[in-house]
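Participant: Give me a 3D structure for the following:
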Amino acid sequence: MQALICGYYGKGNGGDEALLVSLLQMLPKKIKPIVLSNNPSQTRQRYGIETCPARSAFAILQAFQQSDIFIWGGGSLMQDVTSFASPFYYAALMGLAQQQGLKTVAWAQGIGPLKRPTTRWLTEQVLRGCTAVSVRDSQSATLVSQWDISPLIAPDPVWALESKPVQGLWDLPAPRVALNLRSHPQLTPQRLEVLTQALIDFQKATNAFILLVPFQASQDLAIARSISARLPQSHKIMTLDDPRELKGLFKGVEMTIGMRYHSLIMAGAEECRCFALSYDPKVSRLMQELNIPGWELAELPEDPNVISTAWLECYANGDALSSAQIHSLVDRALMHQELLKFVSDFETD
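Facilitator: This next block holds a predicted model:
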């Protein structure tokens, strides 16, 4: 049995790569994956799987003919805030799979924001045709239920991703604090300057070793380098290609200041204290669900002292998730695995 898997893969985004590895980890053994990738040779070499170029119509049609199941493999694929075109691309693939008679799965999706009536209608139509739907948050579930679709609701699969140790991490000075920022219109040069000064002050007060952790080099690395050039004390830019190592990094970190959604999930899963800088509703929802301190980026204080003081409070007195909370999140995230098993069994009945 073959499954064609589609997502934001091969773009060098650590969070989306982590979703792919989580899916491959959960996929029933009897299913052979074919992964649509924007960098098929890299994806094939990195994970030892069959791939298909994500932008080649001919190759995709061939892959459909070879497949029994089509899977949207996690993430916020159906949203029209960062791109108007991408929901049409993903919906077109899902619609084509349904026309071809494949079993179709919307797996671990964060649905929305959907600002335009066209993309809302499109999302509703393709979800109605799915064999199974799972979402990763209650807001997505509420939206989907308005369309009389009953999804499985479970935490993001990356909670259950198996982490790997990072060579040399424990040789770096302790305590260690990780920072992840990404380029975004809300992260203006003025706000970046305020955050950089706050980090300098925070490091002076704690003597912490700062790990600058880009999740996507094209969007995060330049920011990490700009901060690195300003930090007077010990620090390192950590660029990791393996999502399991990226998650394992946070096992050796006291606190994470994170902007990206999956930086906070990975850190939280490894019992690391978290402080969030939210640029997106999915990050804000995660903050609310897990009681993570932080700010909406648009409401960031202009005084670096206010920010560094809040970070110091989190560092000294903040709480990581308890082992019981993490265990519960991991167990519930594995419900996405049960959905895949259901679909594979359903296919053979």
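
Participant: Next, count neighbours for Ser228.
Facilitator: By other C-beta atoms under 10 Å, 13 other residues sit near Ser228. For glycine as for every other residue, the C-beta is placed from the backbone atoms N, C-alpha and C.

Participant: all strands of the stretch 51-200 of the chain, in order?
Facilitator: 69-75, 103-109, 132-135, 152-153, 176-180 (DSSP state E, counting those that start in this stretch).

Participant: Dump these into CSV; add distance to Asn305 as well.
Facilitator: Listed next are the strands of the stretch 51-200 of the chain as CSV, based on distance: least, C-beta to C-beta, whole Å:
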stretch, distance to Asn305
strand 69-75, 37
strand 103-109, 40
strand 132-135, 40
strand 152-153, 41
strand 176-180, 18
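
Participant: what's the closest of these to Val126?
Facilitator: Taking C-beta to C-beta, strand 103-109 is the member of the strands of the stretch 51-200 of the chain nearest to Val126, at 7.8 Å.

Participant: Which of the strands of the stretch 51-200 of the chain sits closest to Gln288?
Facilitator: Of all those, it is strand 152-153 that lies closest to Gln288, at 15.4 Å by C-beta to C-beta.

Participant: List of residues touching the closest one?
Facilitator: Contacting residues not belonging to strand 152-153 are listed as 132-138, 141, 335-336, 339 [C-beta atoms under 8 Å, 6 or more residues apart in numbering].

Participant: still on that earlier bit, Throw the strands of the stretch 51-200 of the chain into a markdown table and include mean neighbour count, thanks.
Facilitator: Output for those, formatted as a markdown table (neighbours: other C-beta atoms under 10 Å):
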| stretch | mean neighbour count |
| --- | --- |
| strand 69-75 | 27 |
| strand 103-109 | 27 |
| strand 132-135 | 23 |
| strand 152-153 | 18 |
| strand 176-180 | 24 |
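
Participant: List the residues that contact the residue nearest to His184 when sequence neighbours are not counted.
Facilitator: Nearest residue to His184 in three dimensions, chain neighbours excluded: Tyr279, at 4.7 Å (C-beta to C-beta, 6 or more residues apart in numbering). Contacts for Tyr279 (C-beta under 8 Å, 6+ apart) come out as 182, 184, 186-187, 259, 297.

Participant: Could you list the domains of this protein?
Facilitator: Domain ranges of the chain: 2-154+334-348, 169-328, per automatic domain parsing.

Participant: Mind putting those into a markdown table with distance to Ser163 and mean pLDDT?
Facilitator: Listed next are the domains of the chain as a markdown table, based on distance: least, C-beta to C-beta, whole Å; pLDDT from 0 to 100:
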| stretch | distance to Ser163 | mean pLDDT |
| --- | --- | --- |
| domain 2-154+334-348 | 10 | 96 |
| domain 169-328 | 4 | 97 |
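
Participant: Give me the distance between the two termini of stretch 284-297.
Facilitator: Criterion C-alpha to C-alpha, to the nearest Å; first-to-last residue distance in stretch 284-297 is 10 Å.

Participant: Can you report how many residues lie near Asn291?
Facilitator: Neighbour count for Asn291, taken as other C-beta under 10 Å: 9.

Participant: try the one 10 residues further on
Facilitator: Counted with other C-beta under 10 Å, the neighbours of Pro301 add up to 14.

Participant: quick one, what contacts Ala310?
Facilitator: Applying C-beta under 8 Å, 6+ apart to Ala310 gives the contacts 275, 293.

Participant: Over to it: give its phi and psi.
Facilitator: phi -60, psi -40 (degrees, to the nearest 10).

Participant: on that earlier part again, farthest pair in the contacts of strand 152-153?
Facilitator: Most distant of these, by C-beta to C-beta, are Ala132 and Ser138, 18.5 Å apart.

Participant: Where is the longest helix in this structure?
Facilitator: What stands out as the longest helix in the chain, according to DSSP state H, is helix 189-206.

Participant: Sort out which residues of that one are buried, please.
Facilitator: The neighbour-count check on helix 189-206 (16 or more other C-beta atoms under 10 Å) flags 191, 194-203, 206 as buried.
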